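Asker: have a look at this fold, sequence not included:
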Ligand SMILES: O=C(O)C[C@H](O)C(=O)O
Ligand code: SF4
């Protein structure tokens, strides 16, 4: 007889998992909040980085209050579970699946599971390999469940090095601690602002390609302020924290004092021929939590990651009343835009937008290359955004979370699409490349950087949903017609050939080169 099946009450366990999912998606853990508050203190008032961090703080506060997703990309739900022998893992898995589907229905998770071949969204966050659930047995008398919701933008910035190698700015990285040091610094550099910096990194030294990444991700379950028991790794973590912050990439890649909020390093054995350094990059919206669950009643006995002070961002915000950087001008824009209006904008300007904008991300950019647009986009603004949406009983759509997505993925399409349809502005995050910059100049367009992860902050600017096209692409990929008020973003690429992203990348590469000489012998 299966002892476990009768023992753990699955209905209650499902409820506990639902609570864990909702809490993880909507409320940042205490250690992460402290790291963000500390970063905010370090930035000088009036800079773009300080403005971005104020928006982030406001967003965290709004997510607390609304019990809504901190970021619209609620990530790949990844559970790590330790169970006493005899508990039925198959039933637990089913209960977790039901909790995931429920949280998706309630707008606490975005439908994020897409068939890789057909592009079809499963709509309930379930699918082949989704969610990720990893079980381990142990001798203790409780169930330990940890959950991380790691978004796609930061996942794309993970990187794996195979030593020895040559690294841009740093030269040769050998098979030793100093080579590892170089890889980690390079990993922070190559992410720039695209994974919604300031970020946290987990590093795995050794293993094979998959166990190395696994180890790197395992580090993200460590508390931000724990101390590595391995003395050499502790020193390396401290070194990285101190020096990665000298790269000047800053929040959102706007430049600034804080680029990295946490660094945790683990090590395992390797094969003689392989030497991997795997780095898992997590955005500031570092959503991970855990619970201890009673293996019979299924109830939560204790929440994990609760040590230390809890930062109340409402109070923090009272201390810093600024929201506009002194660095640039502030300009109010009413969409649609004319070429003349757009040509007046310069890198560093802060714009506040009123009127309509239309979401468009990966599927739509690809589609528009060889199809007509469903509406007239002349003079319009495209927002790189895949929101969390809920439909009410009357069939009306409501925005639950709506921050920007990483724009660089649209680099192969953006310039051509702007010219083809007369689009004047695109809003996203992380910046775009040379091809888009040239098109902005030629056509008269502008790139506006919104604050990545600030999904509640931007949802609040959206006053109504006036239509939707391409719903067949799934909720995140559809074209939502949004009426906004006071939507704030920063001009980071203008029609005069200037790009803040290009500048920050160049200056951070120069700074990276100062770490070329050996440190750990
Ligand atoms: O998918 C999204 O909405 C955002 C994504 O996590 C990103 O950072 O690009
Ligand atoms: S948009 Fe930014 S904050 Fe949100 S999941 Fe992507 S990288 Fe993280």
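Answerer: Received it, and whenever you're ready, just let me know what you need. Small disclaimer: the values here were computed from a predicted structure and weren't measured. Ligands and ions are numbered 1, 2, ... in the order given.
Asker: of all residues in the stretch 301-450 of the chain, which one is closest to ligand 1?
Answerer: With CB to the nearest ligand atom as the measure, residue 406 is the residue of the stretch 301-450 of the chain nearest to ligand 1, at 3.4 Å. For glycine as for every other residue, the C-beta is placed from the backbone atoms N, C-alpha and C.
Asker: okay, now that residue: neighbour count?
Answerer: 26 (other CB atoms under 10 Å).
Asker: my guess is it meets residue 192, correct?
Answerer: No: assessed by CB atoms under 8 Å, residue 406 is found out of contact with residue 192, at 10.6 Å.
Asker: ok, residue 182 - contacts?
Answerer: 167, 170-171, 173, 515 (CB atoms under 8 Å, 6 or more residues apart in numbering).
Asker: quick one: terminal-to-terminal distance for stretch 240-253?
Answerer: Stretch 240-253 has an end-to-end distance of 18 Å (CA to CA, to the nearest Å).
Asker: relative to the whole chain's centre, how far out is that stretch?
Answerer: Its chain's C-alpha centre and that of stretch 240-253 lie 17 Å apart, by CA atoms, centre = their mean, to the nearest Å.
Asker: in it, what's buried?
Answerer: Across stretch 240-253, burial judged by 16 or more other CB atoms under 10 Å covers 240, 243-245, 247-253.
Asker: that stretch near ligand 1 at all?
Answerer: No: judged by CB under 6 Å from any ligand atom, stretch 240-253 makes no contact with ligand 1; its nearest approach is 11.3 Å.
Asker: who's in contact with residue 285?
Answerer: By CB under 8 Å, 6+ apart, the neighbours of residue 285 are 28, 70-71, 151, 196, 453.
Asker: how about the residues of the stretch 1-150 of the chain that lie near ligand 2?
Answerer: Residues of the stretch 1-150 of the chain lying near ligand 2 (CB under 6 Å from any ligand atom): 71, 73, 75.
Asker: drop anything exposed from the residues you listed.
Answerer: 71, 73, 75.
Asker: can you narrow the residues of the stretch 1-150 of the chain next to ligand 2 to ones near ligand 1?
Answerer: Restricting those to those near ligand 1 - CB under 6 Å from any ligand atom - leaves residue 73.
Asker: between the residues of the stretch 1-150 of the chain next to ligand 2, which sits nearest residue 233?
Answerer: residue 75 (26.7 Å; CB to CB).
Asker: got the contact list for the closest one?
Answerer: So residue 75 contacts 112, 148-152, 155, 287 (CB under 8 Å, 6+ apart).
Asker: quickly list what the closest residue to it other than its chain neighbours is bridged to.
Answerer: In this structure, residue 75 finds its nearest non-sequential neighbour in residue 149, 3.9 Å apart by CB to CB, 6 or more residues apart in numbering. According to DSSP bridges, the residues that bridge with residue 149 are residue 77, residue 287.
Asker: any idea how far ligand 1 is from residue 149?
Answerer: Distance, residue 149 to ligand 1, using CB to the nearest ligand atom, to the nearest Å: 10 Å.
Asker: repeat for residue 214
Answerer: In terms of CB to the nearest ligand atom, residue 214 sits 21 Å off from ligand 1.
Asker: who are the neighbours in contact with that residue?
Answerer: Here residue 214 is in contact with 204, 207 (criterion: CB under 8 Å, 6+ apart).
Asker: quick one on the thing from earlier: any chance of the contacts of residue 285 in TSV, plus pLDDT and secondary structure?
Answerer: Below are the contacts of residue 285 laid out as TSV (pLDDT from 0 to 100; DSSP: H, G, I helix; E, B strand; the rest coil):
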residue	pLDDT	secondary structure
28	98	coil
70	98	coil
71	98	coil
151	98	coil
196	98	coil
453	98	coil
